[in-house]
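In: Test case, fold it:
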Amino acid sequence: MNKIIDLKQLPNQSQRERSSRTRESAREIERSPEREVGRTRVEQEPMARPQELRTLDTITVKEPRPEGRPVIQDPLTGGEIAEETITSIQNQAVDDYIQQVTNQNSIINGGKTFQLFDINGDIIDASKETVTAGLWSDNLTELQNYFTQSMTAAQSQYYVNVNQKLPSLTGSATQYALAYGNALGSGSSTNGSIDDAPSRAIYSQYRQLLLNKDVTRFSTPASGSTDSIYVINFQRNRAKEKLDPGNFEIPLSTLSSSQALDATGSVAISGAANTFTLIDDSTIASASNEDAGNVYFVVSGSIANGVYNPSAPHYYGRVYCDHSTIVLDGDVLDTKLGFVTNTGSNSNGSNHYRLHHSISGSYPVATKGFKARNKETVSSTFYFVRVKNGDFNYSNNPSYVTGDQGDILQDGYIGDPKSYITTVGLYNDSRELLAIAKLSKPLLKSKKRELNVRVKLEY
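Out: Next up is the predicted model:
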């Protein structure tokens with residue numbers, strides 16, 4: 001039996017191996033019923049029955065620790081921690097980590113700042129629509145008051161700006177500019193230089209801007225080509241994309257007296273003056289497609305009644321809608337409205353003031369103002385900002401939290417956070433702010449509320 005007990009102490013032996021060796025030893029003892037010790041014959045004790053030997057198979061032998069596995073000790077007692085305890089601690093740590101990640105994701109999602117658009121469902125591609133509006137300040141369609149800025153004698157008389165209020169008043173802004181051009185430089189002072197004639201510069205500038213490359217003179221069916229032109233150039237930011245054809249009406253009154261040399265402040269309109277209105281011929285003719293875009297003739301008529309004598313219109317010039325510019329024939333204005341344009345050589349005629357007085361004097365005489373509308377094609381893209389119940393429930397406003405740890409200030413928001421959405425920002429992929437949309441009023445957001453905000457971006 002001592003041999004059996006010794007077998008139990010053998011290292012690195014499995015229970016099956018030890019049981020096998022136990023049986024082997026038992027058979028060996030059974031074959032040698034007696035043994036000698038020195039010369040003395042000793043009677044061997046009776047062997048245990050096979051049934052008793054089989055009980056050795058049930059001996060529980062503790063499995064040795066796998067090689068290389070460290071022993072985990074309790075830091076307080078120094079004893080080895082049981083496997084069951086270690087497993088329990090590991091499971092608890094995993095549960096705590098999962099709960100921590102869940103809480104963190106809840107905070108991140110509830111208080112996030114950015115949200116990606118679903119390109120297939122949240123963004124509607126650009127749509128285009130044509131929009132017209134009043135061309136003058138405050139979106140007015142009719143201008144009734146006209147004011148110019150004084151110029152010194154040293155300034156060259158290239159053009160004059162026209163405002164709707166006195167330039168000294170708040171809100172006064174330029175509505176359009178008037179200029180006179182002459183292909184030969186007549187009607188303006190050269191200021192001592194042969195080539196420095198404002199009228200020549202004006203004519204050359206608009207010829208290059210508006211006429212085809214092979215054309216050197218402006219012309220109308222009334223008088224053919226002309227060296228003398230009057231220009232109305234609308235302020236670009238007011239005209240938007242273009243001047244709306246069929247929606248402008250220029251009032252012109254005949255000049256009762258006009259100084260031949262310098263028209264600055266010397267033009268008069270009597271109460272008996274005749275007043276005409278000019279429009280384009282878009283209602284009776286198609287535009288001519290030129291290098292400057294669509295071009296119509298300026299004819300006598302009104303927006304309400306259309307072209308006067310449409311079978312044989314009275315032509316006054318051309319309108320270049322894409323450039324928001326009207327060019328009137330100076331020869332026609334001299335003949336029909338008594339402009340008496342100064343075409344002298346090296347003579348400062350300030351002819352553009354003749355046109356200014358003819359327009360501005362029409363409202364006092366005939367209560368007819370300058371009517372005009374702009375036109376533009378507006379592209380729109382719609383962005384649908386869909387805010388789910390678990391999103392954007394925290395505010396990044398500093399007043400939302402308190403203390404060094406950023407605790408929520410309002411106790412009622414703990415566990416049930418709320419925020420108020422006031423602004424929607426559109427960002428690119430680099431998180432650079434491109435556009436801001438302001439809501440008409442703050443919208444409450446909580447776990448019980450979802451929002452769907454439609455943002456319309458026009459350009």
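In: going forward, measure contacts and count neighbours with C-alpha atoms only.
Out: Fine.
In: pLDDT score for the closest residue in space to residue 239 that isn't next to it in sequence?
Out: Nearest-residue entry for residue 239: residue 374, 4.9 Å, with adjacent residues in sequence omitted and distances by C-alpha to C-alpha, 6 or more residues apart in numbering. The pLDDT attached to residue 374 in the predicted structure is 95.
In: Residue 351 and residue 344 touch, don't they?
Out: No - between residue 351 and residue 344 no contact is recorded; they are 11.2 Å apart, counting by C-alpha atoms under 8 Å.
In: Between the two, point out the one with more neighbours.
Out: Counted by other C-alpha atoms under 10 Å, residue 351 and residue 344 do not tie: residue 351 has more neighbours, with 31 against 15.
In: Tell me the spacing between that one and residue 249.
Out: To residue 249, residue 351 is 22 Å away according to C-alpha to C-alpha, to the nearest Å.
In: again with residue 418
Out: Distance from residue 418 to residue 249, by C-alpha to C-alpha: 57 Å.
In: Residue 456 too?
Out: From residue 456 across to residue 249, the span is 34 Å (C-alpha to C-alpha).
In: Settle it for me: which of those two has more neighbours?
Out: Shown here are residue 456 and residue 249; by other C-alpha under 10 Å, residue 249 has more neighbours (24 against 14).
In: That one and residue 280: what is the separation?
Out: Distance of residue 249 to residue 280, computed by C-alpha to C-alpha: 8 Å.
In: now do residue 227
Out: Residue 227 is 22 Å from residue 280, by C-alpha to C-alpha.
In: Those two - which one has more neighbours?
Out: Comparing residue 227 with residue 280 by other C-alpha under 10 Å, the one with more neighbours is residue 280, at 32 against 20.
In: Not counting sequence-adjacent ones, nearest residue to that one?
Out: The spatial neighbour of residue 280 that comes closest, neighbours along the chain excluded (C-alpha to C-alpha, 6+ apart), is residue 298 at 4.5 Å.
In: what element comes up after the helix or strand that contains residue 97 heading to the C-terminus?
Out: For residue 97, the host element (DSSP states H and E) is helix 83-110. Next helix or strand after helix 83-110 toward the C-terminus (DSSP H and E): strand 123-134.
In: The helix or strand just after that next one packs against which elements?
Out: Downstream of strand 123-134, the next assigned helix or strand under DSSP H and E is strand 142-143. Packing partners of strand 142-143 (3 or more C-alpha pairs under 8 Å, 6 or more residues apart in numbering; DSSP states H and E): strand 370-371.
In: so what's residue 358 up against?
Out: Going by C-alpha atoms under 8 Å, 6 or more residues apart in numbering, residue 358 touches 251-255, 269.
In: May I have the helix or strand harbouring it exported as PDB, CA atoms only?
Out: Secondary structure assigned from DSSP H and E places residue 358 in helix 352-360. C-alpha atoms of helix 352-360 as PDB (Å, rounded to 0.1, in the frame of the first residue of the first chain):
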ATOM      1  CA  HIS A 352     -25.700 113.700 -69.500                       C
ATOM      2  CA  TYR A 353     -27.400 116.300 -67.400                       C
ATOM      3  CA  ARG A 354     -29.800 116.900 -70.200                       C
ATOM      4  CA  LEU A 355     -31.000 113.300 -70.000                       C
ATOM      5  CA  HIS A 356     -31.200 113.600 -66.200                       C
ATOM      6  CA  HIS A 357     -33.500 116.700 -66.300                       C
ATOM      7  CA  SER A 358     -35.700 115.100 -68.900                       C
ATOM      8  CA  ILE A 359     -36.200 112.100 -66.700                       C
ATOM      9  CA  SER A 360     -36.500 113.800 -63.300                       C
END
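In: so how far is that helix from its chain's centroid?
Out: Computed by C-alpha atoms, centre = their mean, to the nearest Å, the chain-centroid distance of helix 352-360 equals 43 Å.
In: for stretch 439-451, same thing?
Out: The chain centroid and the centroid of stretch 439-451 are separated by 23 Å under C-alpha atoms, centre = their mean.
In: what do you get for stretch 423-440?
Out: Centre-to-centre, stretch 423-440 and its host chain are 7 Å apart (C-alpha atoms, centre = their mean).
In: Kindly report the same for stretch 187-206.
Out: Averaged C-alpha coordinates place stretch 187-206 at 45 Å from its chain's average position (C-alpha atoms, centre = their mean).
In: rewinding a little: avg pLDDT for the helix holding residue 97?
Out: Helix 83-110 comes out at a mean pLDDT of 73.
In: One more: stretch 359-369?
Out: 92.
In: who touches it?
Out: Defining contact as C-alpha under 8 Å, 6+ apart, one finds that stretch 359-369 is touched by 142-146, 250-253, 269-273, 275, 370.
In: most neighbours, which of these?
Out: Among the contacts of stretch 359-369, the one with the most neighbours (other C-alpha under 10 Å) is residue 253, at 28 neighbours.
In: Surely it touches residue 333?
Out: No - in this structure residue 253 lies outside contact range of residue 333 using C-alpha under 8 Å: 10.3 Å.
In: Report the buried residues of stretch 334-347.
Out: By 16 or more other C-alpha atoms under 10 Å, the buried positions in stretch 334-347 come out as 337-343, 346-347.
In: From the opening residue of it to its closing one, how far?
Out: First-to-last residue span, stretch 334-347, C-alpha to C-alpha: 18 Å.
In: Other residues contacting it?
Out: 185-190, 197, 252-256, 258, 260-262, 330, 333, 349, 351, 354-355.
In: one more time with 6 Å
Out: Stretch 334-347 is contacted from outside by 186-190, 254-255, 260, 333, 349, using C-alpha atoms under 6 Å, 6 or more residues apart in numbering.
In: could those go into JSON lines alongside pLDDT?
Out: Supplementary listing: these in JSON lines, determined by pLDDT from 0 to 100:
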{"residue": "186", "pLDDT": "90"}
{"residue": "187", "pLDDT": "87"}
{"residue": "188", "pLDDT": "86"}
{"residue": "189", "pLDDT": "81"}
{"residue": "190", "pLDDT": "76"}
{"residue": "254", "pLDDT": "91"}
{"residue": "255", "pLDDT": "87"}
{"residue": "260", "pLDDT": "54"}
{"residue": "333", "pLDDT": "95"}
{"residue": "349", "pLDDT": "82"}
